[in-house]
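Visitor: Predicted model and sequence below, questions to follow.
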Amino acid sequence: MREKLGSRLGFILLSAGCAIGIGNVWKFPYMAGQNGGGLFVLIYLFFLIIMGVPVMAMEFSMGRASQKSPARMYQELEPKGSKWHIHGLAAVIGNYLLMMFYTTVCGWMLYYFYATAKGDFVGRNSDGVADIFNNMLGDAKIMIFFMGIAVAVGFIVCSFGLQGGLEKITKAMMIALILIMVVLAVNSFFMDGGEEGLEFYLLPSVDKVKEVGLGNVIVAAMNQAFFTLSLGMGAMAIFGSYIDKKRALMGEAVNVALLDTFVALSSGLIIFPACFAYDVEVNSGPSLIFITLPNIFNNIPMGRFWGSLFFVFMSFAALSTVLTVFEGIISCTMDMFGCTRKKACLVNGVLMFVLSLPCALGFNVLSGVTPFGEGSTIMDLEDFIVSNLLLPIGSLVFILFCVSKKGWGWDNFTAEANEGKGIKIQKFMRGYMTYVLPVIVAVVFVIGLYNFIADKI
């Protein structure tokens, strides 16, 4: 008998927890900063609606109809003799690959909370703050220890069951995350000079977009909208398989996307007023989180408290993804090998720790391994495979499977997606989802690949 979630709220928070991660609270603010602020946000929201929500509804539908994990769901839905199930194996591999580097990033957040709460940043200048980040990367013991904590916490929580472990903890963590965000955002609003940051973030500026180029802004917003929901590897299908048929799935996809967007937008409300208040470059890239913000916290009243709270928030965002993707890995293991949940957690806990070591060591012991040339790391390779290949190609496979007569087919997909109350897929959407949506996803894939290769040449 397949386990079920205890509530609709649990389903929405778990699905959102999978989508909400570093891409929202780390990447979204600096992407907005690099691409002109307000107009980037509007274009991002447009692509989220027309691209992200339909693909998420498809993943939910496949999971609910099959009542299986990605490892076995195609076998339940595909026509006899077809080969769609090959993607199920790719999805399983993709979840492992994602966690092989994501556990390291989650470890960074946990370490930064520890270091901030301990007062390591107090009294340091900009160079001193940068040294803490570089020393962390260079210390193999620290990297392994905090990565190990992320792996251990994730599988221990999941071992207590779907409702008693994952749903219970994720609910509490997501509610706490939202409350912390609100507190941090209110604090940023009242910083002297923060109004300019809000203006930059929320009001579209044609001049700023001209500097970057409208085409570049559109491509960046499209990429961010696509990747923010963690689609293409079957993570959402897992949670679709855990819910009943009381609610139509397009409406549930909209709810998850709204919560995901709320977190992404709120992270900007926290960061941009603080950057403008302390005259910090908003387009400083990933270092915004690990070097720029600790400098800001050093210079504001109660900075140690606000810094600790911010990295608790970041840790929760990272852990929410770790927990939900681990659940997908556990579910696939149970489906493939027929083992118990506790055995799947134990085996995968050891396996994931070992598989995550190359990334954690890629900044120190294995720093000589440079897959894309000088300055690149093992993390860059793993991220490239997941972000540039598995996610877009996987999403394209999901779309084609749901709309093609040689796959599950439009009628079967919409019958499942529309069962229950809520927003339903309408007949007029068929042309768009069959012919336009696959092209958009293919364009995201090609542009992402082209930009990556051009960057390395």
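Guide: Arrived safely. Since the model is a prediction, treat every value here as computed from it, not as a measurement.
Visitor: any chance you could map the strands in the protein?
Guide: Counting by DSSP state E, the chain has no strands to list.
Visitor: helices and strands of it: which one bottoms out on pLDDT?
Guide: helix 287 (a mean of 69; mean pLDDT, DSSP states H and E).
Visitor: Near the residue nearest to Met181 when sequence neighbours are not counted, how many other residues are there?
Guide: With Cβ to Cβ, 6 or more residues apart in numbering as the criterion, Met181 has its nearest non-adjacent residue at 4.6 Å, and that residue is Ser266. (Glycine included, C-beta is placed from N, CA and C.) Residues lying near Ser266 (other Cβ atoms under 10 Å) number 21.
Visitor: Correct me if wrong: Ser266 contacts Val183.
Guide: No: in this structure, Ser266 is not within contact of Val183 by Cβ atoms under 8 Å, at 10.8 Å.
Visitor: Check the spacing between Gly407 and Tyr435 real quick.
Guide: Using Cβ to Cβ, to the nearest Å, Gly407 is found at 15 Å from Tyr435.
Visitor: and those two? which has more neighbours close in?
Guide: Gly407 (21 against 10).
Visitor: just checking, the more buried one touches His87?
Guide: No: using Cβ under 8 Å as the test, Gly407 is too far from His87 to be in contact (10.5 Å).
Visitor: between these two, what contacts are shared?
Guide: Common neighbours of Gly407 and His87, using Cβ atoms under 8 Å, 6 or more residues apart in numbering, are Phe401.
Visitor: if we can go back for a sec, which residues touch the residue nearest to Met181?
Guide: 181-182, 185.
Visitor: Please identify, among these, the one with the most neighbours.
Guide: Using other Cβ under 10 Å as the neighbour criterion, Met181 leads those with 23 neighbours.
Visitor: now that residue: how far from Leu323?
Guide: 18 Å.
Visitor: now swap in Ser266 and tell me
Guide: Going from Ser266 to Leu323 by Cβ to Cβ gives 21 Å.
Visitor: got it, and Gly138?
Guide: With Cβ to Cβ as the criterion, Gly138 and Leu323 are 29 Å apart.
Visitor: Please apply the same query to Ile399.
Guide: 27 Å.
Visitor: One more: Asn223?
Guide: For Asn223, the distance to Leu323 - Cβ to Cβ - is 25 Å.
Visitor: Pass me the low-pLDDT residue ranges in the stretch 351-457 of the chain, would you?
Guide: 457 (pLDDT under 70).
Visitor: how about the helices of it, start to end?
Guide: Per DSSP state H, counting those that start in this stretch, the stretch 351-457 of the chain carries helices over the ranges 378-383, 391-403, 410-417, 429-431, 437-456.
Visitor: Same drill for Gly138 and Leu323, tell me which one is more crowded.
Guide: Counting neighbours by other Cβ under 10 Å for Gly138 and for Leu323 shows that Leu323 has the greater number, 23 against 13.
Visitor: Touching, that one and Val151? I think so.
Guide: No: the criterion here is Cβ under 8 Å, and Leu323 misses it with Val151 at 11.2 Å.
Visitor: longest helix of the chain?
Guide: Across the chain, the longest stretch assigned as helix under DSSP state H is helix 303-337.
Visitor: what number of residues lie near Met51?
Guide: 21.
Visitor: Kindly apply the preceding question to Gly197 instead.
Guide: Neighbours of Gly197 using other Cβ under 10 Å come to 27.
Visitor: shaky segments in the protein?
Guide: Looking at the chain by pLDDT under 70, you get 1, 23, 26, 280, 282-287, 457.
Visitor: Which parts of the stretch 151-300 of the chain are helices?
Guide: Using DSSP H, counting those that start in this stretch, helices in the stretch 151-300 of the chain cover 168-189, 194-202, 206-212, 214-227, 235-240, 249-277, 287, 293-298.
Visitor: can you list these in a markdown table and add distance to Ala318?
Guide: A markdown table is the format used below for those (distance: least, Cβ to Cβ, whole Å):
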| stretch | distance to Ala318 |
| --- | --- |
| helix 168-189 | 10 |
| helix 194-202 | 23 |
| helix 206-212 | 29 |
| helix 214-227 | 16 |
| helix 235-240 | 15 |
| helix 249-277 | 12 |
| helix 287 | 17 |
| helix 293-298 | 15 |
